[in-house]
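Peer 1: Okay, predicted coordinates and the sequence, questions at the end:
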Amino acid sequence: MCAPNAYNLPVVTTSFLFRFGWAARGIAAVGLGCFLVLPPTAGAQGQAGDNSTANSGAGHGRILLVLPFDNRTGQPSLEWIREAAPEILGSRFQSAGFAPMSREDRLYALDHLGLPEGFHPSRATALKLAQTLDADSIVVGSFVTDGSGIIAEAQVVDVPRLRMSQAVTARGEMKDLIEVFDTLAWRLTKQLDPQFTVAEETFVAAGSGMRVDAFEQYIRGITEPDHEERLRHLNQAVALNPAFGPAWMALGREDYNGQQYELAAAAFAKVGPNDPDALQAGFYRGLGLVFSGNYAKAEQSFAAVAQVLPLAEVVNNEGVAVSRQGHDGTALFRQAVAADANTADYHFNLAVSLKRHGDAASALAELKQCLKLRPNDSEAQTLEEDWKAPPGKQDADAEAKADPLERIARNFDAVAFRQAAQMLDQVDEARLTALPPEQRALKLSAQARDYLDKGLLLEAERLYQTALASDDRVPEVHAGLAEIRERTGDKAEARKEARTSLELMPSIQAYLVMGRLDLAAGHLDEASYDVGEALRIEPGNKKVQDLRQQLEAKEAEQKR
């Protein structure tokens with residue numbers, strides 16, 4: 001039903017699996033290998049006994065369906081904003097701890113219901129969509145223009161209770177369109193979870209690096225029905241914003257579906273490690289490299305994905321890449337079979353590898369298992385006949401027949417990945433819940449620091465706020481919040497948090513925040529004090545040394 005595009009061709013085929021359908025496989029894929037019984041304090045909603053971990057994900061386990069917004073401007077040229085709205089809102093909701101449905105899941109549901117891609121659903125149809133996708137809430141909205149400005153309005157539909165929230169709005173100049181929808185996302189999040197404490201400025205900062213013109217080209221690139229037009233828009237998007245991961249991901253998909261494998265691998269390589277699509281990009285980069293004949297780099301790409309999440313298709317393809325280089329991939333094929341024993345191709349690959357390396361009996365056993373799962377596999381049938389033939393006949397036929405190649409898994413099961421990731425989050429949350437408050441706050445603070453170092457401010461603040469709810473006397477938490485407030489432009493709150501941190505315990509991080517703020521304000525004596533105290537703690541710290549150089553340059557400038 002849906003027009004072919006980068007999101008519904010085979011490279012991203014997604015037969016939608018309901019909320020818990022593949023959880024067991026996801027757990028097996030990451031090597032947990034047993035049924036997990038979570039404590040009652042860490043259920044699907046992430047509610048802890050003292051409520052301190054509930055805020056770690058405002059909607060932990062809550063699935064949202066964000067529908068395209070109605071274009072009430074009367075301007076067809078702004079139709080692209082319909083799809084821009086769910087893309088922006090979905091990204092912020094994901095960072096806030098919800099589980100927003102992807103565009104491809106929505107397209108699948110429309111197709112499943114026999115509806116075209118551009119269908120404007122009524123409230124009843126929207127509810128049917130949400131039920132098909134097992135969503136807890138639907139976000140519906142619209143936008144209008146007001147001179148050079150835009151006004152966006154949205155409501156949340158509680159699917160189980162069939163209730164619609166009050167409308168929330170956000171407005172701004174068209175050039176600030178992304179900020180408008182970031183603000184709307186924050187207001188909707190507060191409506192979904194009134195206890196959510198991440199600042200509005202942090203939501204806005206999350207989209208501050210995105211150019212509106214690049215985002216428009218990206219949206220047009222994923223919605224155009226014509227392949228060449230999609231390529232043109234996506235190439236423009238990455239030219240305007242070379243750091244825009246989703247555009248590189250979409251471009252890689254288009255190139256891959258067009259069998260331009262080297263171009264696809266190059267595009268997937270541009271998806272950053274902090275992007276939500278990073279693992280999928282690594283998998284499809286590996287495929288592009290395999291089909292381009294670059295097996296060594298393909299092995300590296302699959303191995304990098306497998307380190308994080310060793311799904312069967314990932315380790316299988318790593319084994320293929322190893323084997324194509326003339327090395328032994330048997331151990332990886334065994335791992336693929338262990339992760340997913342019901343896929344015939346994994347048994348076939350293990351059989352071929354075992355036979356090639358001299359274990360004929362085990363090879364025949366694996367081939368038998370392959371044929372049990374897929375009785376009409378003609379290649380496997382022929383191999384079984386050849387391998388069972390008398391030794392003399394085997395030798396004569398071996399010279400005439402090419403060595404069979406292990407089979408490549410072409411589709412990355414993104415849904416299984418999401419399920420596995422969600423289960424791992426719940427396991428991690430259960431462990432956090434069991435810790436004393438101070439230890440829990442320290443653990444969350446360390447995780448938040450990792451996000452902060454990667455520039456993911458929204459994710460970082462969410463964890464810092466959770467840590468704060470657990471124990472407000474941990475200096476690292478206040479120092480981290482001070483740095484976030486500094487980055488989002490709230491200087492007064494940044495100073496407040498930094499001072500609180502320093503009162504609890506002097507630290508490099510808090511003194512750096514105070515020093516940068518004092519230097520920017522022209523308070524050179526105070527900045528000199530901040531730098532001096534930081535140097536007492538760690539004389540060789542590079543960030544402190546850099547700040548001292550900036551301070552000395554400013555002092556020299558004032559003396560002229």
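Peer 2: That came through fine. Numbering: from 1, shown residues only.

Peer 1: Go through stretch 195-213 and flag the buried ones.
Peer 2: Residues of stretch 195-213 classed as buried: F196, V198, A199, E201, T202, F203, V204, A205, A206, G207, M210, V212 (neighbour count, 16 or more other C-beta atoms under 10 Å). No exception for glycine: its C-beta is placed from N, CA and C like everyone else's.

Peer 1: now, among those residues, which is nearest to A521?
Peer 2: E201 (19.0 Å; C-beta to C-beta).

Peer 1: With D490 as the reference, measure out to the closest one.
Peer 2: 6 Å (C-beta to C-beta, to the nearest Å).

Peer 1: related to what we said a few turns ago, I'd like to know which of the buried residues of stretch 195-213 are part of helices.
Peer 2: E201, T202, F203, V204, A205, A206, V212 (DSSP state H).

Peer 1: how about those residues, which pair is most distant?
Peer 2: T202 and V212, at 20.1 Å, using C-beta to C-beta across these.

Peer 1: all strands for the protein, in order.
Peer 2: Secondary structure of the chain (DSSP state E): strands located at 63-66, 70-71, 99-100, 137-146, 149-158, 163-164, 168-173.

Peer 1: Return the set of buried residues in the last one.
Peer 2: Applying a neighbour-count criterion of 16+ other C-beta under 10 Å, one finds V168, A170, R171, G172 buried in strand 168-173.

Peer 1: ok now that strand, how far from the chain's centre?
Peer 2: Taking C-alpha atoms, centre = their mean, to the nearest Å, one finds the center of strand 168-173 at 27 Å from the center of the full chain.

Peer 1: Other residues contacting that strand?
Peer 2: When contacts are defined by C-beta atoms under 8 Å, 6 or more residues apart in numbering, strand 168-173 is touched by residues 146, 148-155, 179-181, 183-184, 187-188, 191.

Peer 1: Report the buried members of the residues you listed.
Peer 2: Applying 16+ other C-beta under 10 Å to the contacts of strand 168-173 flags 150-155, 179-181, 183-184, 187-188, 191 as buried.

Peer 1: circling back: tell me the one among the buried residues of stretch 195-213 nearest to Y256.
Peer 2: Nearest member of these to Y256, counting by C-beta to C-beta, is M210, at 24.5 Å.

Peer 1: which sections of the stretch 51-200 of the chain are below the confidence cut-off?
Peer 2: Counting by pLDDT under 70, the stretch 51-200 of the chain contains low-confidence residues at 51-61.

Peer 1: Helices of that one, start to end?
Peer 2: Using DSSP state H, counting those that start in this stretch, the helices of the stretch 51-200 of the chain run over residues 80-95, 103-112, 123-132, 177-192, 200-206.

Peer 1: Give the buried residues for the first one.
Peer 2: This means helix 80-95. 80-95.

Peer 1: just to revisit the earlier point, how about the strands of the chain, which one is nearest V337?
Peer 2: strand 99-100 (30.4 Å).

Peer 1: So what does the one residue sitting closest to the centre of the chain look like in phi/psi?
Peer 2: Ranked by distance to the mean C-alpha position of the chain (C-alpha atoms, centre = their mean), the top residue is P276 at 1.8 Å. Main-chain torsions, P276, degrees, to the nearest 10: phi -60, psi -20.

Peer 1: Excluding chain neighbours, give the residue nearest to it in space.
Peer 2: The shortest distance from P276 to any non-neighbouring residue, by C-beta to C-beta, 6 or more residues apart in numbering, is to Q94 (6.6 Å).

Peer 1: how many neighbours does the spatially closest residue to A281 that is not a sequence neighbour have?
Peer 2: Residue nearest to A281 in three dimensions, not counting chain neighbours: V271, with 3.7 Å by C-beta to C-beta, 6+ apart. Counted with other C-beta atoms under 10 Å, the neighbours of V271 add up to 25.

Peer 1: show me the contacts for the nearest residue to Q217 once chain neighbours are set aside.
Peer 2: Nearest residue to Q217 in three dimensions, chain neighbours excluded: A237, at 3.9 Å (C-beta to C-beta, 6+ apart). Applying C-beta under 8 Å, 6+ apart to A237 gives the contacts A214, F215, Q217, Y218, G221, F244, A247, L251.

Peer 1: so which of these comes closest to L115?
Peer 2: Distances from L115 to those, taken by C-beta to C-beta, are shortest for G221, at 22.8 Å.

Peer 1: what about L263, distance to R495?
Peer 2: 49 Å.

Peer 1: ugh, typo on my part, it should be M164
Peer 2: On the measure of C-beta to C-beta, M164 and R495 end up 42 Å apart.

Peer 1: These two - which one has more neighbours?
Peer 2: For M164 and R495, the more surrounded residue by other C-beta under 10 Å is R495, and the numbers stand at 18 against 13.

Peer 1: ok, how many other residues are close to Q75?
Peer 2: For Q75, using other C-beta under 10 Å, the count is 11.

Peer 1: Pretty sure L309 sits against G282.
Peer 2: No - with contact defined as C-beta atoms under 8 Å, L309 does not count as touching G282 (10.1 Å).

Peer 1: So which of the two has more stuff around it?
Peer 2: Set L309 next to G282 and count neighbours by other C-beta under 10 Å: G282 wins out with 24 against 18.

Peer 1: contacting residues for that one?
Peer 2: F268, S301, F302, A304, V305 are the contacts of G282 under C-beta under 8 Å, 6+ apart.

Peer 1: Model confidence for it, exactly?
Peer 2: Each residue has a pLDDT score; the one for G282 is 96.

Peer 1: hang on, isn't T73 packed against D146?
Peer 2: No - T73 is not in contact with D146 according to C-beta under 8 Å; the separation is 9.7 Å.

Peer 1: Can you get me a residue count around E552?
Peer 2: 13.

Peer 1: What sits closest to P100 if chain neighbours are left out?
Peer 2: G90 (4.0 Å).

Peer 1: any idea how far the one you found lies from E224?
Peer 2: 20 Å.

Peer 1: low-confidence ranges in the chain?
Peer 2: 1-61, 392-402, 413-418, 420-422.
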